[in-house]
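Chemist: Next input, structure requested:
(chains A and B)
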Protein chains: 2
Amino acid sequence: MSFIQKLKKSIAQNNSLLCLGLDPDLKKLPAGLSKSVDSILEFNRKIIEATNELVCAYKLNSAFYEALGTRGFEILKATIESIPKDIPIILDSKRGDINSSNEMYAKSAFIELGADAITVNPYLGVEPLKPFMEFEDKFIFVLVLSSNPGAFDFQYVKCEDKFLFQVVAEKFINLDNVGFVVGATRGEDIKLVREISNEKLFLIPGIGAQKGDLEVALKYGINKDKIALINVGRAIIYASSSLDFAQKAREKASEFKEKINKILAEL
Amino acid sequence: MSFIQKLKKSIAQNNSLLCLGLDPDLKKLPAGLSKSVDSILEFNRKIIEATNELVCAYKLNSAFYEALGTRGFEILKATIESIPKDIPIILDSKRGDINSSNEMYAKSAFIELGADAITVNPYLGVEPLKPFMEFEDKFIFVLVLSSNPGAFDFQYVKCEDKFLFQVVAEKFINLDNVGFVVGATRGEDIKLVREISNEKLFLIPGIGAQKGDLEVALKYGINKDKIALINVGRAIIYASSSLDFAQKAREKASEFKEKINKILAEL
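Modeler: A predicted model of the protein is given here:
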């Protein structure tokens, strides 16, 4: 089954466009959990148990696991294995290197870790991303427009009559199993990317802690099938700093899911 | 001691600008070594033992370790620990994400793994790279101009009268502990980056297997202190596919070191 098929099934099954970001930080673990690296796995498993009927996908940011040292990669893998098989998993690692190195990153993400999709960086061009695309049942999200303030430095550089992020998006239009990362904080500029393709699936981070506008993100973010991945991380997983964290995460995930569906219904 | 101080010491001590890329691939391990993940560590240690008096730095491409699965991160760390303390270590992982994620990547590279420098991707701008720069004794190499064919897709996009890679390099001119990755295959275009700054340290991959021109790379690659990091990987570590691989790697490293010094003497 392709990533898109798997995603469409999970969207239908849970009636949700919410993608939950599992980016656990030792410093932010709820009181009552020991501040050990292994508590991260316990934390993740409880969050997954509490939320897997409310989300269409999980996104794991590899930075947060790599920061845990040698045990981090094991915890990342064990977390992925804890996710029900019918929910797609996005490894958010913004990888990007030359072709022969990307072969290795693809092997790591898709074979060793078992992720369904990965986020990648476009700076080295289209050609080196082929090793990821050769996995036909997998999917890549190309970082087009990021949610952070520094996005203006290069993504908004003017190249003739276009911004660089438009030039980047255009290069990937005709490639299958490729979607775009577009930050929710970029407001109306999401529209500029949507105008390039009515089909591409967008993964949209920046809702919640980064305060992106959900309504605008959905308005321009959904494709012709009316889907997009709305990622929320910290605002859900740290909804409570006590031992009721899983229950509170479930409530918060449910809130976001309903908020998204309400906006969708009015579009 | 800062990265630059450490590097200048190792350059002087070994009279070498050669940076050796330790990017081990299970499929290419010499005959006679078992094709197990742990052989990688044995392979690396023998290469390090044979070459550490001939190089000024080691560069480890994390892709090749991540492809080994959960044991890969341990082997990466153990390899780093096998490198003599006076030789600087560059983690070549092309990382780049928003600020809060880069904090985690910096922790992973500099604290957990103990690398002295890291390669980073500029697409998200200058601001999110601050967490790396806050480690004052460490160093980042910003990927400016890559060695692969796809580099033309975006790095050569024309922004008014400049190429994007020039715009990128200019943004980092006044930042300390920042150098540039500039591919040796880019020939005379390396000059365009050198013209932006006479001080920046360049890390130059693409010599050897990728067939970049060493003479041109050195001519424009060295800074006002007459230093640059000339990276060679596959052409040295796979110099022999038999059990004499360490000895052959030593000979090959020595050849490259001398070739570099000969060109330098004539510049």
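Chemist: What are the boundaries of the helices in chain A?
Modeler: For chain A, the helices identified by DSSP state H occupy A:3-14, A:37-51, A:62-66, A:70-82, A:99-106, A:130-133, A:151-154, A:164-171, A:189-194, A:214-221, A:234-237, A:245-266, in order along the chain.
Chemist: May I see these arranged in a markdown table, with mean pLDDT and distance to chain B as well?
Modeler: Glycine gets a C-beta too; all of them are placed from N, C-alpha and C. Rendered in a markdown table, the data for the helices of chain A read as follows (pLDDT from 0 to 100; distance: least, Cβ to the nearest Cβ, whole Å):
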| stretch | mean pLDDT | distance to chain B |
| --- | --- | --- |
| helix A:3-14 | 98 | 21 |
| helix A:37-51 | 96 | 11 |
| helix A:62-66 | 98 | 4 |
| helix A:70-82 | 96 | 5 |
| helix A:99-106 | 98 | 4 |
| helix A:130-133 | 98 | 9 |
| helix A:151-154 | 96 | 3 |
| helix A:164-171 | 98 | 6 |
| helix A:189-194 | 97 | 15 |
| helix A:214-221 | 96 | 16 |
| helix A:234-237 | 96 | 9 |
| helix A:245-266 | 97 | 19 |
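Chemist: Quick check: pLDDT value at A:Ser34.
Modeler: For A:Ser34, the model assigns a pLDDT of 87.
Chemist: Thought A:Val216 was touching A:Ile190, still the case?
Modeler: Yes. Here A:Ile190 lies in contact with A:Val216, judged by Cβ atoms under 8 Å, at a distance of 6.8 Å.
Chemist: Of the helices of chain A, which is nearest B:Glu127?
Modeler: Minimum separation from B:Glu127 across those (Cβ to Cβ) falls at helix A:151-154, 7.4 Å.
Chemist: A:Glu160: neighbour count?
Modeler: Counted with other Cβ atoms under 10 Å in any protein chain shown, the burial measure for A:Glu160 works out to 9 neighbours.
Chemist: excluding its backbone neighbours, what's nearest it?
Modeler: In this structure, A:Glu160 finds its nearest non-sequential neighbour in B:Lys158, 7.2 Å apart by Cβ to Cβ, 6 or more residues apart in numbering or on different chains.
Chemist: what sits against the one you found?
Modeler: Taking Cβ atoms under 8 Å, 6 or more residues apart in numbering or on different chains as the contact definition, B:Lys158 lies against A:159-160, B:164.
Chemist: What of A:Gln155?
Modeler: Listed by Cβ under 8 Å, 6+ apart, the contact set of A:Gln155 reads A:144-146, A:163-165, A:168, B:123-125.
Chemist: picking up where we left off before, run through the bridge partners of the residue nearest to A:Glu160.
Modeler: B:Phe163 (DSSP bridges).
Chemist: do A:Gly179 as well
Modeler: Where A:Gly179 sits in a bridge, its partners, by DSSP bridges, are A:Phe141.
Chemist: sorry, back to before: looking at the helices of chain A, which one is packed in the most?
Modeler: For these, average neighbour numbers computed from mean count of other Cβ atoms under 10 Å in any protein chain shown are highest in helix A:62-66, which has a mean of 27.
Chemist: Show me what that helix packs onto, helices and strands only.
Modeler: Using 3 or more Cβ pairs under 8 Å, 6 or more residues apart in numbering or on different chains; DSSP states H and E as the contact definition, the elements that helix A:62-66 packs against are helix A:70-82, strand A:89-95, helix B:99-106.
Chemist: Could you dump those into CSV with distance to B:Ala63 added?
Modeler: Written out in CSV, the entries for the helices and strands packed on helix A:62-66 read as follows (distance: least, Cβ to Cβ, whole Å):
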stretch, distance to B:Ala63
helix A:70-82, 13
strand A:89-95, 8
helix B:99-106, 14
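Chemist: Quick check: nearest residue in space to the most centrally placed residue in chain A, chain neighbours excluded?
Modeler: Computing the C-alpha centroid of chain A and ranking residues by Cα atoms, centre = their mean puts A:Lys59 first, at 4.5 Å. In this structure, A:Lys59 finds its nearest non-sequential neighbour in A:Ile90, 4.4 Å apart by Cβ to Cβ, 6+ apart.
Chemist: hang on, the earlier thing: what's the overlap in contacts for A:Ile190 and A:Val216?
Modeler: Residues touching both A:Ile190 and A:Val216 by Cβ under 8 Å, 6+ apart: A:Ala184.
Chemist: Nearest to A:Ile260, out of the helices and strands packed on helix A:62-66?
Modeler: strand A:89-95 (17.2 Å).
Chemist: what angle do the closest one and helix A:3-14 make?
Modeler: Following axes from the mean of the first three to the mean of the last three Cα atoms, to 10 degrees, one obtains 130 degrees for the angle between strand A:89-95 and helix A:3-14.
Chemist: Most remote residue from the middle of chain A, which is it?
Modeler: If you look at how far each residue of chain A sits from its centre, by Cα atoms, centre = their mean, the farthest one is A:Glu160, at 31.0 Å.
Chemist: Next, give phi and psi for it.
Modeler: phi 50, psi -120 (degrees, to the nearest 10).
Chemist: ok, A:Ser197 - contacts?
Modeler: Contacts here follow Cβ under 8 Å, 6+ apart; on that basis A:Ser197 touches A:169, A:173, A:223.
Chemist: so can I have JSON lines of those showing distance to B:Lys9?
Modeler: Supplementary listing: the contacts of A:Ser197 in JSON lines, determined by distance: Cβ to Cβ, whole Å:
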{"residue": "A:Ala169", "distance to B:Lys9": "46"}
{"residue": "A:Ile173", "distance to B:Lys9": "50"}
{"residue": "A:Asn223", "distance to B:Lys9": "55"}
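Chemist: Nothing else from me, thank you.
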